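K.L.:
make a model of this:
(one chain, ligands or ions: 1)
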Amino acid sequence: AIDILKLRALTGAITLDPGYKNSGSCQSAITFLDGEQGILRYRGYSIEQLAEHSNFLEVAYLIIFGELPSNDQIVKFENDIRKYSIVNEEMKGIIDGFPKTAHPMGVLSSLTSALTAFNPKVVDAECEKDMYEAVCKTMAKFLVIATWTYRKAKGLPLNYYDNTQPYVDSFMRMMFTLPTEPYDLDPVVRNAIDKLFILHADHEQNCSTSTVRMVGSSHAGLFASISAGVSALWGPLHGGANQAVLEMLEEIQKDGGDVTKFIEKAKDKNDPFRLMGFGHRVYKNFDPRARIIKKAANEVLSKLGVDDPVLAIAKELEAKALEDKYFVDRHLYPNVDFYSGIIYRALGIPTEMFTVMFAIGRLPGWIAQWKEMRINKEPIGRPRQLYVGAPLREFVPMEKR
Ligand code: ACO
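P.N.:
Below is the predicted model of the structure:
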């Protein structure tokens, strides 16, 4: 047998794959993704069936624990999430330190990390009880602080988890109403948010998830690892694309609505502008989530009676780009975030919260991947590099520089 370490030491050979375009980093039993055929499955169940028949909490349970829950299991899960939903009052002092103008994703990442200070217990991923408690705590507290990032930006009092409501309803209540105000969530809105969260719940080794696994591989805690995942998600090439898409569509609208002009701009290699919401590292035919979301966007807008001119621009942009040789040759199709912002807007979610919505949806994936990585006893992530800097040279004293 070849000793790979000895061989490497002798030859200095490493695999160079910037952006990990063709490198697997782990084995995983959570999400199956076939980019050529546009297939996405969580734990073997198709994304289409889950989006049609399930709800977010059930999908979260499936992704994290591996099986769809029984009725008793899901009732217990929801109750246990409620039980752990209290966020330490001192966290409010931390959020007070941020200016109102701070981006909610930056605040979310900081607050998630700060949760470690108030929940210092080291989670033993192999201990079922320990892990279950950590899952419930994370699902609950992350949701609460996610709404705080918005309430802070608006100068509104911070709300607490509403134990009388289901998960998604409690989220909407914490975002938009005081506990003293009457509350009744439109089922169309609830279903749309549930669906969006389900579609975002996991996506194998994307940038934020591999960040969570990488940080966790040094045996950093769950909150610290998820906080790093939030930062990775924030970027416009990843989760931040949903905010960027809507801003782009609004810009096209303000500019007079000529989508061709923006398509040409995106094709110009001297212009850094890209069509936001187009292209995907893995999907090279279509993104199955985008199909579901496009249909949902049409349904939600017509059910809520919203006539959004931005949707018309999105449809025209999509149709024209899909006929354009540049986009066809490069297999650039609308991704999940091309339509998600339009739905969020119709539901009354402010633009700067779009990526936070993505983060709430992706949370079960991050937790499941962290848990799997620790249970599989994966080694610390430590990529190599190809050094291209200066060769050995003599130190130059200050007076000779
Ligand atoms: N608009 C215009 N051209 C594009 C776009 C785009 N949106 N996306 C890729 N291209 C072009 C590139 O310029 C490149 O062209 P070239 O071969 O002539 O140099 C070619 O297509 C391949 O692009 P890469 O950047 O090499 O592809 P990669 O797999 O590294 O990037 C990514 C994928 C980051 C998603 C990219 O398509 C992009 O920036 N899209 C816009 C941002 C976006 O929507 N991100 C959300 C992704 S989905 C998610 O995270 C949930």
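K.L.:
where does pLDDT dip in this protein?
P.N.:
1-2, 4-5, 9 (pLDDT under 70).
K.L.:
output the set of residues of the stretch 301-401 of the chain in proximity to the ligand.
P.N.:
Neighbours of the ligand within the stretch 301-401 of the chain, by Cβ under 6 Å from any ligand atom: 330, 332, 335-337. (Each C-beta comes from the backbone N, C-alpha and C, glycine too.)
K.L.:
top of these by neighbour count?
P.N.:
Among these, the one with the most neighbours (other Cβ atoms under 10 Å) is Asp337, at 28 neighbours.
K.L.:
show me where the protein has its strands.
P.N.:
Assigned by DSSP state E, the chain shows strands spanning 31-34, 39-42, 45-46.
K.L.:
who does the shortest one pair up with?
P.N.:
Using DSSP bridges, the strands paired with strand 45-46 are strand 39-42 (antiparallel).
K.L.:
with the first one instead?
P.N.:
Each strand that strand 31-34 pairs with, and the sense of that pairing, follows from DSSP bridges: strand 39-42 (antiparallel).
K.L.:
what comes up buried for the partner strand?
P.N.:
Neighbour counts over strand 39-42 (16 or more other Cβ atoms under 10 Å) mark 40-42 as buried.
K.L.:
redo these as TSV? Include distance to the ligand.
P.N.:
Shown next, in TSV, are those (distance: Cβ to the nearest ligand atom, whole Å):
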residue	distance to the ligand
Leu40	12
Arg41	17
Tyr42	16
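K.L.:
same list (those residues) but as a markdown table, adding distance to Phe395.
P.N.:
Below are the buried residues of strand 39-42 laid out as a markdown table (distance: Cβ to Cβ, whole Å):
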| residue | distance to Phe395 |
| --- | --- |
| Leu40 | 55 |
| Arg41 | 57 |
| Tyr42 | 56 |
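K.L.:
just name the closest of these to Arg274, please.
P.N.:
Minimum distance to Arg274 across the buried residues of strand 39-42 is 23.2 Å, recorded for Leu40 (Cβ to Cβ).
K.L.:
show the contacting residues for the closest one.
P.N.:
Residues in contact with Leu40 (Cβ atoms under 8 Å, 6 or more residues apart in numbering) are 31-33, 46-47, 203, 288-289.
K.L.:
ok, 10 Å please
P.N.:
Going by Cβ atoms under 10 Å, 6 or more residues apart in numbering, Leu40 touches 31-34, 46-48, 50, 199, 202-204, 282-283, 287-289, 292, 336.
K.L.:
relative to Glu318, which of the strands of the chain is closest?
P.N.:
strand 39-42 (19.8 Å).
K.L.:
so Asn335 sits right up against Arg274, yeah?
P.N.:
No. Using Cβ atoms under 10 Å, Asn335 makes no contact with Arg274, being 11.8 Å away.
K.L.:
who touches both of the two?
P.N.:
Contacts common to Asn335 and Arg274, judged by Cβ under 10 Å, 6+ apart, are Ala241.
K.L.:
hang on, Lys294 packs against Asn335?
P.N.:
No. Lys294 is not in contact with Asn335 according to Cβ under 10 Å; the separation is 11.2 Å.
K.L.:
which ones among the residues of the stretch 301-401 of the chain next to the ligand lie within helices?
P.N.:
Secondary structure from DSSP state H places Asp337 of those in helices.
K.L.:
C-alpha coordinates for stretch 88-101, PDB please?
P.N.:
The C-alpha coordinates for stretch 88-101 follow below in PDB (Å, rounded to 0.1, in the frame of the first residue of the first chain):
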ATOM      1  CA  ASN A  88     -30.600  36.000  28.300                       C
ATOM      2  CA  GLU A  89     -31.500  39.600  29.100                       C
ATOM      3  CA  GLU A  90     -27.900  40.700  28.900                       C
ATOM      4  CA  MET A  91     -28.000  39.900  25.200                       C
ATOM      5  CA  LYS A  92     -30.100  43.100  24.900                       C
ATOM      6  CA  GLY A  93     -27.100  45.100  26.200                       C
ATOM      7  CA  ILE A  94     -25.100  43.700  23.300                       C
ATOM      8  CA  ILE A  95     -27.600  44.600  20.700                       C
ATOM      9  CA  ASP A  96     -27.900  48.100  22.200                       C
ATOM     10  CA  GLY A  97     -24.300  48.600  21.300                       C
ATOM     11  CA  PHE A  98     -25.000  48.400  17.500                       C
ATOM     12  CA  PRO A  99     -26.000  51.400  15.500                       C
ATOM     13  CA  LYS A 100     -29.500  51.200  14.000                       C
ATOM     14  CA  THR A 101     -27.900  51.200  10.600                       C
END
